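1. Got a predicted structure plus its sequence, pasted below:
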Amino acid sequence: MGHGSDKLILSMDDNEEITDEFHGVKVWWFSSKITRHNISFYRLVDEDKRYYRLRFHRRHRALINEAYLLFVIQQGKAIGVENRQRKLYTNSSSFDYNELKKLDWSHVPFEHPATFETLAIDSQMKSEIVKDLVKFSKSKEYYAKIGKPWKRGYLLYGPPGTGKSTMIAAMANLLDYDVFDLELTGVKDNSMLRKLLLNTTGKSIIVIEDIDCSLDLSGKRKPGGNQNENKEEEEKKAAMGGPPGKDESKVTLSGLLNCIDGLWSACGGEKVIVFTTNHIEKLDPALIRRGRMDKHIELGYCEYEGFKVLAKNILEWNLIICLRLFMSCWRRRISALLMWLRV
Ligand SMILES: Nc1ncnc2c1ncn2[C@@H]1O[C@H](COP(=O)(O)OP(=O)(O)OP(=O)(O)O)[C@@H](O)[C@H]1O
């Protein structure tokens, strides 16, 4: 079984041969290994390199080279994606003792149980979001056709505790994506931000929570003011407050915009970018304009539709307990009545 998965994984043993058929053509896969003797830390270490040999008739060479091998690679990738355990990444750095290097992202298994069924929001809004996400995940050709990177931005806003983080978990569970929770205050500068985003994988949701609190992204630009004025203001601020502290993040609004939307954003496959905020009015319009944040979703306090979902989620379980209590009460009453009758 795969780690954290309930699916069975079959593999080939050394020196085993299996037969496959593709468009009526038979091929044979043979697994083997080469053992190399390496010297590491003054010790002789045996290292096995496993490989597969593929055998087929030479008249099928074109079919195998052009179609079959591509098919095998695509199937392998699809099975890998299906069997993988999804992860929740965070940019607090960690150290990989196997590879002896510092990692930009550390991760834990993603196990949040939220789904769109359990999310207490307006049902029409819910089905719209689900439709939009599913459509996005199947639109590789569409994005290629219109010449846009395969990514979609969501802005979730509303008062605290109204389900923004829960919706992100539901999105990840719906699409079967990993989640990269980006803590902007821990990012040193724009090039570090670029590096982090380049190290994210496809099929992922990149989340910046409470973006209004992460950095003073709004203060870098004044509504109606020009860039020179803003620069002067920044310089004045720096002069008054002295140079930025050692640990202070130097990520700028333009750095963030470039990473989300610039040339770098096209690397690494399909991505959903989600910002959450309690104060949409504090955000720079450039950051949340349509096209960058394609969908703006307001999550407010629970209304009738949402309450119905919550009641269903919680009371379905409680109903069984109520029924049991009810039954046990009646059982006791009936036995008391019988005792009384006997007396
Ligand atoms: N619409 C909702 N449907 C289901 N559960 C909800 C909903 N809104 C809030 N909750 C529950 O309330 C708790 C807080 O929700 P959550 O953390 O998602 O809110 P938030 O909007 O991200 O809050 P904050 O802005 O403070 O980060 C969670 O335990 C979640 O289960």
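-> Structure's in. What do you need? Fair warning: this is a prediction, and the values are worked out from it, not measured in the lab.
2. what's the span of stretch 183-199, first residue to last?
-> Counting by CA to CA, to the nearest Å, you get 15 Å between the two ends of stretch 183-199.
3. Please apply the same query to stretch 207-214.
-> 12 Å.
4. buried sites along the helix or strand harbouring residue 73?
-> Secondary structure assigned from DSSP states H and E places residue 73 in helix 69-83. Of the residues in helix 69-83, 72, 83 count as buried by neighbour count, 16 or more other CB atoms under 10 Å. Quick note: C-beta positions are derived from backbone N, CA and C, even for glycine.
5. Can you name the next helix or strand after that helix?
-> Toward the C-terminus from helix 69-83 - assigned by DSSP H and E - lies strand 87-90.
6. May I have the strands that pair with that next one, each with its orientation?
-> Here the strand partners of strand 87-90, with direction, are listed using DSSP bridges: strand 106-109 (antiparallel), strand 178-181 (parallel).
7. and that strand, what's its mean pLDDT?
-> Taken as a whole, strand 87-90 carries a mean pLDDT of 91.
8. Could you do stretch 255-275 as well?
-> pLDDT averaged over stretch 255-275 gives 80.
9. now stretch 114-133
-> On average, stretch 114-133 scores 92.
10. Equivalent analysis for stretch 177-191, please.
-> Mean pLDDT, stretch 177-191: 88.
11. For the one residue in the chain that gets nearest to the ligand, list the residues it contacts.
-> Residue nearest to the ligand within the chain (CB to the nearest ligand atom): residue 163, separated by 2.8 Å. By CB atoms under 8 Å, 6 or more residues apart in numbering, residue 163 lies in contact with 119, 120, 121, 299.
12. Could you do residue 118 as well?
-> 170, 309, 313.
13. The first one: how many residues sit nearby?
-> Around residue 170 sit 24 other residues, with neighbours defined as other CB atoms under 10 Å.
14. Next secondary structure after the lowest-mean-pLDDT helix or strand in the chain?
-> One helix or strand of the chain scores below all others by mean pLDDT, DSSP states H and E: helix 227-241, with a mean of 47. Going down the chain from helix 227-241, the next helix or strand is helix 253-261, by DSSP H and E.
15. circling back: CA atoms only for the helix holding residue 73, dumped as PDB, please.
-> C-alpha atoms of helix 69-83 as PDB (Å, rounded to 0.1, in the frame of the first residue of the first chain):
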ATOM      1  CA  LEU A  69       6.400   5.100 -24.600                       C
ATOM      2  CA  LEU A  70       4.500   8.400 -24.400                       C
ATOM      3  CA  PHE A  71       1.400   6.500 -23.300                       C
ATOM      4  CA  VAL A  72       3.300   4.700 -20.600                       C
ATOM      5  CA  ILE A  73       4.800   7.900 -19.200                       C
ATOM      6  CA  GLN A  74       1.400   9.600 -19.200                       C
ATOM      7  CA  GLN A  75      -0.200   6.700 -17.500                       C
ATOM      8  CA  GLY A  76       2.600   6.500 -14.900                       C
ATOM      9  CA  LYS A  77       2.200  10.200 -14.100                       C
ATOM     10  CA  ALA A  78      -1.600   9.900 -13.800                       C
ATOM     11  CA  ILE A  79      -1.300   6.900 -11.500                       C
ATOM     12  CA  GLY A  80       1.400   8.700  -9.400                       C
ATOM     13  CA  VAL A  81      -0.900  11.700  -9.000                       C
ATOM     14  CA  GLU A  82      -3.900   9.500  -8.000                       C
ATOM     15  CA  ASN A  83      -1.900   7.500  -5.500                       C
END
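16. how about the residues of the stretch 51-200 of the chain near the ligand?
-> With the criterion set to CB under 6 Å from any ligand atom, the stretch 51-200 of the chain comes near the ligand through 119, 120, 121, 160, 161, 162, 163, 164, 165, 166.
17. filter these to the buried ones?
-> Using 16+ other CB under 10 Å, the buried ones in these are 119, 120, 121, 162, 163, 164, 165, 166.
18. which non-adjacent residue is nearest the fourth one?
-> What that stands for is residue 162. Excluding its sequence neighbours, the residue lying closest to residue 162 (CB to CB, 6 or more residues apart in numbering) is residue 299, at 4.2 Å.
19. circling back to that earlier point, and the strands paired with strand 87-90, which is most packed in?
-> Counting by mean count of other CB atoms under 10 Å, strand 178-181 has the highest mean neighbour count of those, with a mean of 22.
20. For that strand, what is the distance to the chain centroid?
-> Once both centres are worked out by CA atoms, centre = their mean, to the nearest Å, strand 178-181 turns out to sit 4 Å from its chain's centre.
21. now the helices for the stretch 101-250 of the chain?
-> Assigned by DSSP state H, counting those that start in this stretch, the stretch 101-250 of the chain shows helices spanning 123-137, 140-146, 164-175, 190-198, 211-214, 227-241.
22. where does the stretch 201-343 of the chain dip in pLDDT?
-> Along the stretch 201-343 of the chain, the model assigns pLDDT under 70 to residues 215-249, 264-266, 268, 316-334, 336-343.
23. let's go with 80 and repeat that
-> Where the stretch 201-343 of the chain drops to pLDDT under 80, the residues are 214-250, 260-269, 291, 304-343.
24. Take the contacts of residue 163 and lay them out in CSV including distance to residue 111.
-> Shown next, in CSV, are the contacts of residue 163 (distance: CB to CB, whole Å):
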residue, distance to residue 111
119, 17
120, 21
121, 22
299, 23
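25. Going by distance to residue 81, which of these wins?
-> residue 119 (24.6 Å; CB to CB).
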